[in-house]
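Q: Okay, structure incoming, though there's no sequence with it:
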């Protein structure tokens, strides 16, 4: 199979997943938020062409879809890594030194605030206002796993362990 056929097959699969998600929610405009949540879970972000297709399929203005996608902090319009590392920088975590953890993570992964995702699309590093686990401060969440009483050294060890697992 030539590369152009591979690209066509990839686009077809992407379109089929999109249509499956829209059908699951009966293509109802009132279900826009859960549709966007399902799409983000599938693609790890909300690509512009997907949002445009959603607007057309639901027969609502594209601006409305983009408005919802940009209003909620949970939604991302840029690709994220396979592992999203969220560091709490709420009051309790900040007081217990979350910033040195952030600096260690960024240094180890070679990312910045502006370019938060590694080139290999394996990690994205974000800060959040509060994770609601103040008793465990400082707190780090990797995807759905919560790590409390974090230190810069432990954070880097977690990243190294994930990298090692991915290389196996």
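A: Received the coordinates, thanks. All of these numbers come straight from a predicted model, not from anything done at the bench.
Q: Distance check, residue 120 against residue 27.
A: Taken as CB to CB, to the nearest Å, the spacing of residue 120 relative to residue 27 amounts to 36 Å. The C-beta positions use only the backbone N, C-alpha and C, and glycine is treated the same way.
Q: More neighbours: those two, which one.
A: Of the pair residue 120 and residue 27, residue 27 is the one with more neighbours under other CB atoms under 10 Å, namely 15 against 11.
Q: Tell me the pLDDT of the more buried one.
A: For residue 27, the pLDDT comes out at 95.
Q: That one and residue 57 touch, don't they?
A: Yes - at 5.7 Å, residue 27 counts as touching residue 57 under the criterion of CB atoms under 8 Å.
Q: Remind me which helix or strand residue 55 belongs to.
A: When secondary structure is defined by DSSP states H and E, residue 55 falls within helix 48-58.
Q: same thing with residue 16?
A: Judged by DSSP H and E, residue 16 forms part of helix 3-24.
Q: Let me know the average pLDDT across that helix.
A: Confidence over helix 3-24 (mean pLDDT, whole number) is 75.
Q: next helix or strand past that helix?
A: For helix 3-24, the succeeding helix or strand toward the C-terminus, using DSSP H and E, is helix 32-43.
Q: quick revisit: the helix holding residue 55 versus helix 32-43: what angle between them?
A: Computed by axes from the mean of the first three to the mean of the last three CA atoms, to 10 degrees, the angle separating helix 48-58 from helix 32-43 equals 140 degrees.
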